[in-house]
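Engineer: kindly generate the corresponding structure for this input.
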Amino acid sequence: MEHLTKETFFEKVFNYEQNKDWKFEGKLPCIIDFYADWCQPCKMVAPILEELSKVYEGKINIYKVNTEQEVELASAFGIRSIPSMLFCPSEGQPQMAVGALPKETLIQAIDDVLLNLKNQDAK
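Structural biologist: Numbering: from 1, shown residues only. Model (predicted):
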């Protein structure tokens with residue numbers, strides 16, 4: 001899983017200095033995990049995200065942002081509690097989820113928000 005800096009965030013996710021409105025720059029939908037090394041719930045989520053990054057390889061990207069090192073990035077998204085995860089679909093608005101989500105909830109969010117599977121089932 002790749003750790004993003006402000007610069008790589010601009011390239012792969014969203015350049016908020018150039019664009020006021022959301023404009024996703026990535027090729028694949030992604031999750032951005034805003035975390036800190038001292039955060040216990042973040043440590044619980046980390047192996048789950050690691051596992052899901054393998055399960056969904058080639059379909060989504062999972063990135064990590066260390067809120068201690070990337071203070072500006074965290075404040076740009078109003079991160080007040082961690083872990084916070086930003087789900088960025090290829091099209092449409094991103095959705096923020098706060099807290100250590102269980103694996104099932106993460107899978108559901110990936111399928112619904114990022115891969116839009118719930119709409120395909122209905123067709």
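Engineer: helices of the protein, start to end?
Structural biologist: 6-12, 40-55, 71-76, 103-109, 117-122 (DSSP state H).
Engineer: quick check: mean pLDDT across the second one?
Structural biologist: Averaged across helix 40-55, pLDDT comes to 97.
Engineer: swap in stretch 18-28?
Structural biologist: On average, stretch 18-28 scores 95.
Engineer: the helices of the chain: which one's closest to Pro83?
Structural biologist: Comparison of the helices of the chain against Pro83 by CB to CB identifies helix 40-55 as nearest, at 4.6 Å. Quick note: C-beta positions are derived from backbone N, CA and C, even for glycine.
Engineer: from the rest of the structure, what touches the closest one?
Structural biologist: Contacts to helix 40-55, defined as CB atoms under 8 Å, 6 or more residues apart in numbering, come from residues 1, 31, 33, 35-36, 61-62, 64, 82-83, 99-101, 103, 106-107, 110.
Engineer: buried residues in it?
Structural biologist: Within helix 40-55, the residues scored as buried using 16 or more other CB atoms under 10 Å are 42, 45-46, 49, 52-53.
Engineer: now these as TSV including distance to Gly78?
Structural biologist: Listed next are the buried residues of helix 40-55 as TSV, based on distance: CB to CB, whole Å:
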residue	distance to Gly78
Cys42	18
Val45	20
Ala46	22
Leu49	21
Leu52	25
Ser53	25
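Engineer: between those residues, which is nearest Thr8?
Structural biologist: Using CB to CB, the buried residues of helix 40-55 come closest to Thr8 at Ser53, 16.3 Å.
Engineer: what's around Ile60, how many residues?
Structural biologist: Per other CB atoms under 10 Å, the neighbour tally for Ile60 reads 21.
Engineer: ok, now Leu106?
Structural biologist: 21.
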